[in-house]
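Undergrad: Next input, structure requested:
(one chain, ligands or ions: 3)
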Amino acid sequence: MSRLVLVLGDQLSLSLSSLQAADKAHDRVLMVEVHEEATYVRHHKKKIAFLFSAMRHFAKELRRHGWTVDYVTLDAAGNTGSFSGEVARAVEAHRPERIVVTEAGEWRVSQMIAGWEAALGLPVEVLPDARFVCPLPVFREWAVGRNALRMEYFYRDMRRRTGLLMEGDKPAGGEWNYDAENRKAAAPDLFMPRPPMFAPDAITQEVMALVEARFGNHFGDLEPFAFAVTRADAEAAFAAFVKRALPRFGDYQDAMLAGEPYLYHAVIAQYLNCGLLDPLEVCRAVEAEWQAGRVPLNAAEGFIRQIIGWREYVRGIYWLTMPGYEKRNFLEHTRPLPDFYWTAETDMACLRAAVTQTREHAYAHHIQRLMVTGTFALIAGIDPHELHEWYLSVYADAYEWVELPNTVGMSQFADGGLLASKPYAASGAYINRMSNYCGTCRYDVKQRTGADACPFNPLYWDFIARHRSKIGGNPRMAQMVRTYDKFADAEKTRIAQSAAAVLEKL
Ligand code: FAD
Ligand code: DLZ
Ligand code: SF4
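TA: Residues are numbered from 1 along each chain as shown. Ligands and ions are numbered 1, 2, ... in the order given. Alright, predicted model coming up:
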């Protein structure tokens with residue numbers, strides 16, 4: 001039996017199910033850099049360079065382990081530019097008896113793969129992706145028949161399933177979730193930990209030249225490039241996080257600080273999502289730190305919840321709702337994405353900071369994504385699909401299975417509340433409480449209306465007014481609707497006029 005094992009760019013794990021099912025003595029691995037994947041959205045230059053370099057290093061690792069690997073570079077003669085074209089070319093060249101592939105992370109690619117058996121006339125075996133904690137059929141079973149798919153209940157099942165932070169059948173410390181302790185504002189700190197920087201080696205430098213030549217007009221700065229591109233370096237980056245930042249990860253999880261793009265975050269999603277790090281392994285390492293008394297429980301629990309809770313949960317939601325989820329627009333928002341999401345040219349200090357660091361590092365932490373770029377788009381009524389394409393293209397960790405539910409569901413409430421229990425709408429007060437951006441901003445966060453008012457303020461109240469029929473019944477929004485109703489008519493008019501003036505300028 002000779003197999004062609006296709007390994008996709010986000011499947012860079014030796015434990016991959018397709019590799020486990022194959023035989024290195026007889027089978028051939030195929031890895032391909034293709035134009036279609038680099039441009040289905042116009043990915044950040046750093047993201048393309050990161051992935052191509054990580055793929056090339058992984059191909060070397062596979063060869064070291066005795067695999068025969070056909071690696072097609074983007075500029076190789078005859079590269080057809082698509083997965084389907086490259087698989088067809090490899091079938092023609094090697095005449096395998098079957099194709100084996102681990103299921104794709106994105107629905108778009110799964111549809112391509114579904115067509116290959118008929119198009120190529122040979123069996124195509126698609127195997128489950130065992131790198132996730134929750135198999136998709138288990139998620140489906142959990143979800144069926146529930147009205148509300150709340151992450152918290154799913155997360156508890158994952159704690160029981162993995163045994164992480166469990167004392168018998170009880171959660172460690174007596175509580176499942178220590179989020180209430182994780183909302184402190186951070187203070188500037190000269191000794192703030194930073195993710196380690198890895199100098200580009202010859203392979204990365206070659207890839208960077210290719211990316212500049214082929215995708216030079218994509219968003220984002222290619223240099224300086226400092227991501228890990230091998231498993232060993234990704235593990236070193238994670239170890240540095242555990243030692244230096246994890247102890248304060250919980251406390252400052254929701255904080256934002258000017259000039260500090262990373263704070264106490266792990267900056268590992270790009271490694272987890274392409275397979276350089278294993279989700280369960282990093283959780284076990286964090287649990288061990290707590291067991292050894294080196295990190296507090298709120299930090300360990302907060303971190304583990306993001307991975308076996310949120311990360312697994314959004315993947316389940318994605319596969320439960322696709323296709324179709326990408327078109328949801330419950331609030332009927334149609335305004336185009338403002339230019340400053342690409343240029344950072346705005347007087348709003350919080351948005352300028354988030355977009356600038358996104359351009360520089362292909363990274364923003366969760367609260368910047370959710371409560372700055374996300375909340376602004378929500379209260380300004382931006383088309384969720386345009387916003388989805390923005391998030392999918394600008395972050396090094398972005399793949400549709402994880403990005404789409406976070407954008408359409410959590411951030412934009414475009415699924416009508418399937419995922420989030422309320423819209424993440426907020427005025428400037430939230431950003432002021434959790435960051436130091438407002439102190440240097442041209443706008444006044446305390447003013448609700450007028451030319452100098454923080455734009456989040458009129459937009460927030462205008463959002464409540466515009467959507468009261470859709471969100472007023474939500475118990476978590478009812479209080480804000482009542483507050484709006486108590487405003488004098490003149491104030492309501494000023495809010496509407498200020499909001500219109502902000503939107504006009506977009
Ligand atoms: P940390 O804050 O250190 O968290 C540790 C890990 O937990 C992350 O690496 C990640 O794997 C996981 N995690 C944390 N929050 C989430 C979440 N909400 N959903 C899934 N996993 C989570 N994450 C992506 O991996 N890819 C995306 O494309 C992506 N798009 C997002 C879009 C929006 C609008 C929002 C609000 C969030 C998005 N997230 C996405 C989730 C989260 O913002 C990132 O995982 C996180 O910022 C990555 O940085 P980190 O590794 O420093 O994470
Ligand atoms: C994101 C990406 C990019 C930019 N380029 C490639 C590529 O050339 N070859 C490849 O195998 N994968 C790439 N990827 C990752 C794929 O888009 C990802 O594997 C699919 O979205 C399936 O999840
Ligand atoms: Fe952002 Fe408003 Fe604060 Fe300026 S005042 S930084 S726009 S929240």
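Undergrad: Report the contact partners of Leu136.
TA: Applying C-beta atoms under 8 Å, 6 or more residues apart in numbering to Leu136 gives the contacts 128, 315-316, 319. (Each C-beta comes from the backbone N, C-alpha and C, glycine too.)
Undergrad: Can I have the buried ones of those as a PyMOL selection?
TA: Restricted to buried positions by 16 or more other C-beta atoms under 10 Å, the PyMOL selection for these reads:
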select buried, resi 315+316+319
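Undergrad: Tabulate the contacts of Leu136 (CSV), appending distance to ligand 3 and secondary structure.
TA: Shown next, in CSV, are these (distance: C-beta to the nearest ligand atom, whole Å; DSSP: H, G, I helix; E, B strand; the rest coil):
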residue, distance to ligand 3, secondary structure
Pro128, 44, coil
Arg315, 32, helix
Gly316, 33, helix
Trp319, 36, helix
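Undergrad: Going by distance to ligand 1, which of the contacts of Leu136 wins?
TA: Nearest to ligand 1 among the contacts of Leu136: Arg315, at 8.0 Å, using C-beta to the nearest ligand atom.
Undergrad: Next one, pLDDT for that closest one please.
TA: pLDDT, Arg315: 98.
Undergrad: what residues does the chain put near ligand 2?
TA: For the chain, the contact set with ligand 2 under C-beta under 6 Å from any ligand atom comprises 8-10, 32-34, 37-38, 43, 48, 51, 104-106, 109, 399.
Undergrad: Just name the closest of those to ligand 1, please.
TA: Once C-beta to the nearest ligand atom is applied, the member of the residues of the chain next to ligand 2 that ends up nearest ligand 1 is Tyr399, at 6.1 Å.
Undergrad: Would you mind listing the residues in contact with that closest one?
TA: Contacts of Tyr399 (C-beta under 8 Å, 6+ apart): 10, 105-106, 273, 392.
Undergrad: and the gap between it and Leu272?
TA: Noted for Tyr399: a distance of 10 Å to Leu272, by C-beta to C-beta, to the nearest Å.
Undergrad: Now for the two: what residues contact both?
TA: What both Tyr399 and Leu272 touch, as defined by C-beta under 8 Å, 6+ apart, is an empty set.
Undergrad: Filter the residues of the chain next to ligand 2 down to just the ones in strands.
TA: Among those, the ones falling in strands (DSSP state E) are Val32.
Undergrad: among the residues of the chain next to ligand 2, who's most crowded?
TA: When these are compared by neighbour count (other C-beta atoms under 10 Å), Ile48 ends up highest, at 28 neighbours.
Undergrad: Could you tell me which residues make contact with it?
TA: 38, 211, 215, 218.
Undergrad: tally of neighbours for Pro224?
TA: Pro224 has 11 neighbours, counted by other C-beta under 10 Å.
Undergrad: for Ala54, that is, sorry about that
TA: 28.
Undergrad: And the pLDDT at it?
TA: So, for Ala54, pLDDT stands at 99.
Undergrad: my read is it is in a helix, agree?
TA: Yes: assigned with DSSP: H, G, I helix; E, B strand; the rest coil, Ala54 falls within a helix.
Undergrad: Now that it has come up, it's in contact with Thr230, right?
TA: Yes: contact criterion C-beta atoms under 8 Å: Ala54 and Thr230 qualify, at 7.4 Å.
Undergrad: Could you name every residue contacting both of the two?
TA: Counting by C-beta under 8 Å, 6+ apart, the contacts common to Ala54 and Thr230 are Leu276.
Undergrad: just for the stretch 1-150 of the chain, where's the confidence low?
TA: Scanning the stretch 1-150 of the chain for pLDDT under 70 picks out no residues.
Undergrad: residue in it nearest to ligand 2?
TA: In the stretch 1-150 of the chain, the residue found nearest to ligand 2 is Gly9; the distance is 2.4 Å by C-beta to the nearest ligand atom.
Undergrad: Okay, that residue and Pro247: tell me how far apart.
TA: 34 Å.
Undergrad: Same check on Lys446?
TA: As judged by C-beta to C-beta, Lys446 and Pro247 stand 34 Å apart.
Undergrad: neighbour-wise, which of the two wins?
TA: Pro247 (17 against 13).
Undergrad: out of everything not next to it in sequence, what's closest to that one?
TA: Excluding its sequence neighbours, the residue lying closest to Pro247 (C-beta to C-beta, 6 or more residues apart in numbering) is Val295, at 4.8 Å.
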